[in-house]
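Peer 1: Kindly return the folded structure for what I paste below:
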Amino acid sequence: MNKPGTWEEYSNRFINHLRFERGLSDETIRAYASDLRQLQEYYFSRTGNEDLTLSDISADFIRGFLASMHKRLEKTSQARKLSTLRTFFRYLDDYDLFDENPADRVASPKTKAKIPSFLDVDDVFHFLDALQKAATVAGCSWRRVRNWALFECLYSTGIRVGELVNLDEPHVAFDGGMVKVTGKGSKERVVPIGKKALVSIREYLNALNLQFPEGCAQNPALFKNARGGRLTARSVQRILQMELKKCGLWQHLSPHALRHTFATHLLNAGADLRAIQEMLGHSNLSTTQRYTHVHMNQLMKTYDKAHPRSRKRE
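Peer 2: The predicted structure is shown next:
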């Protein structure tokens, strides 16, 4: 038997739990909060009543909520919302509010495995070389140098765009060729960064000091906007699309695609999957294994060449 409790009361407790106890990122917390709020809005659209209580939630109600958005949302988005509700009700187990998690009784939408988007090596070199050329023209804007450094760094390290924009200048160790990154759950890790990326960052910092001769001590952000503040992930997305078009690459790619590209190219070059997992900051190896499909043809060629039972007898 359910005990009384308002949806808003316990959803607020849940969000505080995610923020202060689990230490999830602001972006992840916003996604959880949005999913819970949408269910409350669905209840109001059905009943005209704003006072949703936990006792109003059943498996059938959740099925109706997911069905209400099947035409406007991909199945992956629906599955994520169901996952949010399952996590929320598991959290409520500590309060002994439900005999059974109603979200566990709802089947997840069947989704196709999404193949990560990525650029091939030639396209990446063409893109980064075009950025470097534009950044080394005499009298070019400091932002041209920033954009070169921005995407050299993203491809060289494979870090998330949120991690990229949260980098501060002291996080880059030029002598050691490493970058200190704060990832999901405020977990810190150190990842290698290549010489090309380090050169581009040095050039960018020199251009930045000329642009802001008084310095930007009040904001230690590595990648800055035109006002000297920290660049945002949304701005990086916009800059990437602009730069891709400038060099003739019309693929609609997100900054995350450069992370996929980083992982795919390392894997194709024979890097160990565990090492890639460490650099990407994946807590589970299964997440990293999404990239294994892209080099399957190469793997099969290696197998046919090396395996004794796959070779023809001479």
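Peer 1: quick one, what contacts the closest residue to K184 other than its chain neighbours?
Peer 2: Nearest residue to K184 in three dimensions, chain neighbours excluded: S25, at 5.5 Å (C-beta to C-beta, 6 or more residues apart in numbering). The way it works is simple: take the backbone N, C-alpha and C, and place the C-beta from them, glycine included. Shown in contact with S25 (C-beta atoms under 8 Å, 6 or more residues apart in numbering): 162, 184-185.
Peer 1: which of those has the most neighbours?
Peer 2: Neighbour tally across the contacts of S25 (other C-beta atoms under 10 Å): the maximum, 19 neighbours, falls on G162.
Peer 1: Just to be sure, it is in a helix?
Peer 2: Yes - G162 sits within a helix when classified using DSSP: H, G, I helix; E, B strand; the rest coil.
Peer 1: That one against E27, yeah?
Peer 2: Yes - here G162 reaches E27: they are 6.3 Å apart, a contact under C-beta atoms under 8 Å.
Peer 1: what number of residues lie near T28?
Peer 2: 15.
Peer 1: So it is in contact with L18, correct?
Peer 2: Yes - between T28 and L18 there is a contact under C-beta under 8 Å: 7.5 Å.
Peer 1: Where in this protein is the helix or strand with the lowest mean pLDDT?
Peer 2: Here the helix or strand of the chain ranked lowest by mean pLDDT, DSSP states H and E is helix 296-306, holding a mean of 59.
Peer 1: How far away from the center of its chain is the helix or strand where Q40 lies?
Peer 2: Q40 is part of helix 26-47 when elements are defined by DSSP states H and E. Counting by C-alpha atoms, centre = their mean, to the nearest Å, helix 26-47 is centred 21 Å from the centre of its parent chain.
Peer 1: which is the next helix or strand following it?
Peer 2: The helix or strand immediately downstream of helix 26-47 is helix 59-67, counting by DSSP H and E.
Peer 1: in the next helix or strand after that following helix, what counts as buried?
Peer 2: Next along the chain after helix 59-67, taking DSSP H and E as the criterion, comes helix 75-92. Buried positions in helix 75-92, judged by neighbour count with 16 or more other C-beta atoms under 10 Å: 78-82, 84-89, 91-92.
Peer 1: can I see the domain layout of this structure?
Peer 2: 7-105, 121-296 (automatic domain parsing).
Peer 1: list the helices and strands the helix holding Q40 packs on?
Peer 2: helix 7-16, helix 59-67, helix 75-92 (3 or more C-beta pairs under 8 Å, 6 or more residues apart in numbering; DSSP states H and E).
Peer 1: tell me the mean pLDDT for the next helix or strand after the longest one?
Peer 2: By that I understand helix 75-92. Using DSSP H and E, the next helix or strand after helix 75-92 towards the C-terminus is helix 121-135. Average pLDDT, helix 121-135: 93.
Peer 1: Could I get the CA-only coordinates of the helix or strand that comes right after helix 121-135 as PDB?
Peer 2: Per DSSP H and E, helix 121-135 leads on to helix 142-157 as the next helix or strand towards the C-terminus. The C-alpha trace of helix 142-157 is given here as PDB (Å, rounded to 0.1, in the frame of the first residue of the first chain):
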ATOM      1  CA  TRP A 142      42.900  35.500 -31.900                       C
ATOM      2  CA  ARG A 143      39.600  33.500 -32.200                       C
ATOM      3  CA  ARG A 144      41.000  31.800 -35.300                       C
ATOM      4  CA  VAL A 145      43.900  30.600 -33.200                       C
ATOM      5  CA  ARG A 146      41.500  29.600 -30.400                       C
ATOM      6  CA  ASN A 147      39.400  27.500 -32.700                       C
ATOM      7  CA  TRP A 148      42.500  25.600 -34.000                       C
ATOM      8  CA  ALA A 149      43.600  24.900 -30.400                       C
ATOM      9  CA  LEU A 150      40.000  24.000 -29.400                       C
ATOM     10  CA  PHE A 151      39.600  21.100 -31.900                       C
ATOM     11  CA  GLU A 152      43.300  20.000 -31.800                       C
ATOM     12  CA  CYS A 153      42.800  19.500 -28.100                       C
ATOM     13  CA  LEU A 154      39.400  17.700 -28.500                       C
ATOM     14  CA  TYR A 155      40.700  15.300 -31.100                       C
ATOM     15  CA  SER A 156      44.100  14.800 -29.300                       C
ATOM     16  CA  THR A 157      42.600  13.900 -25.900                       C
END
